[in-house]
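1. 3D, please:
(2 chains)
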Amino acid sequence: MVRYAAKRIVIALLTVFTLATVTFFLSKLLPGDPFMNEKIPVSVQEKQRAYYGLDKPVVQQYFIYMGNLLKGDLGTSIKFVGRSVVDIIREFFPVSARLGLIALFFAEIIGILFGILCAQYRNRWPDYVLMVFAILGIALPSMVVGPLIRYVFGVQLRWLPVGGWGTWQQVIMPAFVLGLGTIAGNTRSMRACMLAVITQDYIKTARAKGMTPFRVVWKHELKNSLVPMLANLGPMIAGVLMGSFVVEQIFVIPGLGKHFVNAVSTLDYPLIMGLTIFYGSFLVVMNLLVDILYGFVDPRIRVK
Amino acid sequence: MQHVLDVRDLAVSFFTYAGEVQAVRGVSWYLDSHETIAIVGESGCGKSVTIQTVMGLLQSPPGRVKAGSVLFDGREMLGLPARELRQMQGNRMSMIFQDPLSYLNPTMRVGEQIAESYILHNHVSRAEARQKVLDMMRLISFPEPERNMYVYPHQLSGGQRQRIMVAMALICGPEVLFADEPTTALDVTIQAQIIELMNELKEKVHTSIVLITHDLGVVANMAQRIYVMYAGQIVERGSARDIFYRPRHPYTWGLLASVPRLDQKQRRNFTFIPGTPPDLLSPPKGCAFAARCPYAMAACASFDPEEAAFEGDGHYARCFLYHKGAEAMLQKAQKERGIEA
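-> Residues are numbered from 1 along each chain as shown, chains lettered A, B, ... in the order given. As a prediction, this is how the structure comes out:
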């Protein structure tokens, strides 16, 4: 187990290193730089570049950056003068995380419930209705659903606030939009997982014991169906948090996703790098946790 | 005396896109207290469907009981409300399946799986259930029950898993135990152990057994009476002695000849019954075995034979060979098989 975990951690570190390297050079490939501005004299621009070390050759900049990264220093933002990247993450990530976790929590539960319903009522109307919903949920991107439901429930019906952050009413719509894809995806995969379990022989054994159908689902079908679902959990957590980029823009939520988008459009190199590495590590850690969790749920794949 | 289980004229069909598959076509049998009977036949002859129907486990749709009755302790089982049926299942009748690996839940500890029906039907506390599981595991002579009740099925051997299945099926002390090919997935040496275990427990738990198998070797060591099934019908029935030593139906002859024997000359090819069972989507008009029968006569293809009775304890065969006018063919058959009239 220790060997396995150690191996996985080394691979995880390599993944983050590769991600950092690729992102660094990609961001440098973007045309322009943060100080390019017709209104500012070229001499001033040059001074600014020198201040941030952007006048040095790209490769040298890369080694400086990686050296700092090893020390845990993600640098300071160019646009938010005087604020370190770590500082920005610390301030804004809790907002994104809260939105993401709320969305994920409900999306997992609703998705799994829908999946169970589909499987139990397979090829009957509840299954068809939910499958149509699931297909829509997967096909419609949040930049379509977001403004649409905001228009309906915020502008026309005036049931919910159109944006902002602070009250629970303001969480409902962004969490729904953020979780929609997850609900849809979970519905589909839970349906498939459970259908695979329903036809298993041990379900026949359970029925032969005289259990109610509900008890068979609860005690025998559910856990076995959830095992393959776990594999999706890691990417799904990351997916929901990544998805918050768009949703935070739509609903004017002061989260990290908004800063990521702004960082790219203003070429705030340290912020781009810092947030990418942060999200990347997050994804890698989630996947690692899920792999370990897997062994706890399914005793057959527990590593000796 | 009233039979524990009395199945009369049971007919079960599956309604598929291709049409109606008549899996069981009018089957009658009974089971007495403390008795073991065997239903023997090749794959697809309807033996599993029969006991699934009796146990109330028939998948419906596509399956449907078309006719007949199943009396358990004098009470009609077919059409019983689901709630009452569930009170019988696992409690007064239970089932052992073929492949213990796939019929055990892979993510549940075996002790918990054994305890499940006991808790369900007796409403006992977990502590009491735990004690009962330990008792059951000792009863099946399972090594280290305190430790092994916490293992998962994949950590056990095939024979051990089947022992767990046996303990699971018998924990509520059922009156009837259905064993659907209980030894087919096991090694030969383990098969013998499981048969011995079932025979032993039958006495200890006071249960009666309905054994389903295509292996006559297993039957010989367990059953008092045998029903031979072919294409959804019982073609011959009688005591184990009659079926093994005085078989009457050509299909039974074929089955018995197919059993590999130790006392035969080496390197002999396996004997088998040529041909395949009829398609039950459109069962033949006459005797279902006629197409494969070496002694088939003109009548066999167009008329369904009645049961002919023989000496012995309820020995019957569904065959025209024993009707008047078929003497010549019967003599030929008996001569070929080296049996006296």
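
2. So for the least confident helix or strand in chain A by mean pLDDT, what gets flagged as buried?
-> Every helix and strand in chain A was compared by mean pLDDT, DSSP states H and E; the lowest is helix A:222-250, with a mean of 80. Neighbour-count burial for helix A:222-250, counted by 16 or more other CB atoms under 10 Å in any protein chain shown, picks out A:223-229, A:232-234, A:236-250. Where C-beta positions appear, they are placed from N, C-alpha and C, glycine not excepted.

3. Cross-check the contact I'm expecting between B:Gly41 and B:Gly232.
-> No. Taking contacts as CB atoms under 8 Å, B:Gly41 lies outside contact range of B:Gly232: 9.4 Å.

4. Low-confidence regions, the chain specifically.
-> Looking at chain A here, since you left the chain open. Filtered on pLDDT under 70, chain A yields the residue ranges A:1, A:242-243, A:295, A:301-304.

5. The chain in question should be chain B.
-> In chain B, residues with pLDDT under 70: B:1, B:262-269, B:338-341.

6. quick revisit: mind checking which of B:Gly41 and B:Gly232 has more residues around it?
-> B:Gly232 (28 against 25; other CB atoms under 10 Å in any protein chain shown).

7. Identify the residues contacting that one.
-> By CB atoms under 8 Å, 6 or more residues apart in numbering or on different chains, B:Gly232 lies in contact with B:Gln22, B:Ala23, B:Val24, B:Arg25, B:Val27, B:Cys45, B:Gly46, B:Leu280, B:Pro283, B:Ala288.

8. which of those tops the neighbour count?
-> Going by other CB under 10 Å, B:Val24 tops these with 31 neighbours.

9. And that one, which helix or strand is it part of?
-> Taking DSSP states H and E as the criterion, B:Val24 maps to strand B:19-31.

10. right, and A:Leu178 touches A:Phe105 too?
-> No. Under the criterion of CB under 8 Å, A:Leu178 is not in contact with A:Phe105, lying 11.3 Å apart.

11. if you count what's nearby, which of the two comes out ahead?
-> Set side by side, A:Leu178 and A:Phe105 show unequal neighbour counts under other CB under 10 Å, the larger going to A:Leu178 at 32 against 13.

12. name the element the more buried one belongs to?
-> Going by DSSP H and E, A:Leu178 is in helix A:169-198.

13. need the residues of chain B near chain A, please.
-> By the rule CB under 8 Å from any CB of the partner chain, the part of chain B lying against chain A is B:55, B:57, B:85-91, B:94-95, B:97, B:99, B:102-108, B:116-117, B:120-121, B:152, B:154, B:165, B:168.

14. I'd like to know which of the residues you listed are part of helices.
-> Counting by DSSP state H, the residues of chain B next to chain A place B:Met55, B:Leu85, B:Arg86, B:Gln87, B:Met88, B:Glu116, B:Ser117, B:Leu120, B:His121, B:Met165, B:Met168 in helices.

15. So for the residue in the stretch 151-300 of chain B that chain A sits nearest to, what's the nearest residue that isn't a sequence neighbour?
-> The minimum distance from the stretch 151-300 of chain B to chain A, using CB to the nearest CB, falls at B:Tyr152 (4.4 Å). Leaving aside its chain neighbours, B:Tyr152 sits nearest to A:Pro299 (4.4 Å; criterion: CB to CB, 6 or more residues apart in numbering or on different chains).

16. wait, that neighbour sits on B:Met108?
-> No. Counting by CB under 8 Å, A:Pro299 does not reach B:Met108; the two are 9.2 Å apart.

17. Looking at those two, which is more packed in?
-> B:Met108 (19 against 16).

18. quick one: the strands in chain B?
-> For chain B, strands defined by DSSP state E occupy the ranges B:5-16, B:19-31, B:36-40, B:63-72, B:75-76, B:93-96, B:176-180, B:208-213, B:225-230, B:233-239, B:307-310, B:315-318.

19. which secondary structure elements does the longest one contact?
-> Counting contacts by 3 or more CB pairs under 8 Å, 6 or more residues apart in numbering or on different chains; DSSP states H and E, strand B:19-31 packs against strand B:5-16, strand B:36-40, helix B:47-55, strand B:63-72, strand B:233-239.

20. switch the cut-off to 10 Å
-> strand B:5-16, strand B:36-40, helix B:47-55, strand B:63-72, strand B:208-213, strand B:225-230, strand B:233-239 (3 or more CB pairs under 10 Å, 6 or more residues apart in numbering or on different chains; DSSP states H and E).

21. Ok, the first one next?
-> In terms of contacts (3+ CB pairs under 10 Å, 6+ apart), strand B:5-16 is packed against strand B:19-31, helix B:47-55, strand B:63-72, strand B:208-213.

22. what's the closest of the ones you listed to A:Tyr294?
-> Of all those, it is helix B:47-55 that lies closest to A:Tyr294, at 35.1 Å by CB to CB.

23. ok, now which ones touch the residue of the stretch 151-300 of chain B closest to chain A?
-> The contact partners of B:Tyr152, by CB atoms under 10 Å, 6 or more residues apart in numbering or on different chains, come to A:Asp298, A:Pro299, A:Arg300, A:Arg302, B:Leu104, B:Asn105, B:Pro106, B:Thr107, B:Met108, B:Arg109, B:Val110, B:Gln113.

24. Most widely separated two among the residues you listed?
-> A:Arg302 and B:Gln113, at 18.4 Å, using CB to CB across the contacts of B:Tyr152.

25. And these two? Which one has more around it.
-> B:Gln113 (25 against 12).

26. distance of that one from B:Pro145?
-> 14 Å (CB to CB, to the nearest Å).

27. what sits against the nearest residue to A:Val284 once chain neighbours are set aside?
-> Of all residues not flanking A:Val284 in the chain, A:Ala12 sits nearest, at 4.6 Å (CB to CB, 6+ apart). Residues in contact with A:Ala12, defined by CB under 10 Å, 6+ apart, are A:Gly280, A:Ser281, A:Leu283, A:Val284, A:Val285, A:Asn287, A:Leu288.

28. same check, this time on B:Arg25
-> Contacts were defined as CB under 10 Å, 6+ apart; by that measure B:Arg25 touches B:9-13, B:46, B:66-67, B:231-234, B:280, B:283, B:288, B:304.

29. So which of those is the closest to A:Val129?
-> For the contacts of B:Arg25, the residue nearest A:Val129 by CB to CB is B:Ser13; the value is 32.1 Å.

30. wait, doesn't the closest one sit right on B:Leu280?
-> Yes. Counting by CB atoms under 10 Å, B:Leu280 is a contact partner of B:Ser13 at 8.7 Å.

31. can you list residues touching both of those two?
-> Common neighbours of B:Ser13 and B:Leu280 (CB under 10 Å, 6+ apart) are B:Glu20, B:Val21, B:Gln22, B:Ala23, B:Val24, B:Arg25, B:Gly232.

32. of the residues you listed, closest to chain A?
-> Looking across these and measuring by CB to the nearest CB, the closest to chain A is B:Ala23, at 16.9 Å.

33. quick check: angle from the lengthiest helix in chain A to helix A:222-250?
-> Assignment by DSSP H gives helix A:85-120 as the longest helix of chain A. If you take axes from the mean of the first three to the mean of the last three CA atoms, to 10 degrees, helix A:85-120 sits at 130 degrees to helix A:222-250.

34. So which bits of helix A:85-120 are buried?
-> In helix A:85-120, counting by 16+ other CB under 10 Å, buried: A:85, A:88-89, A:92-93, A:95-96, A:99-100, A:102-104, A:106-108, A:110-112, A:114-120.

35. What residues sit buried inside the following helix or strand past that helix?
-> Counting by DSSP H and E, the next helix or strand C-terminal to helix A:85-120 is helix A:125-139. Buried residues in helix A:125-139, counted by 16+ other CB under 10 Å: A:Asp127, A:Leu130, A:Met131, A:Ala134, A:Gly137, A:Ile138.

36. of all those, which comes closest to chain B?
-> Nearest to chain B among these, with distances taken as CB to the nearest CB, is A:Asp127, at 15.9 Å.
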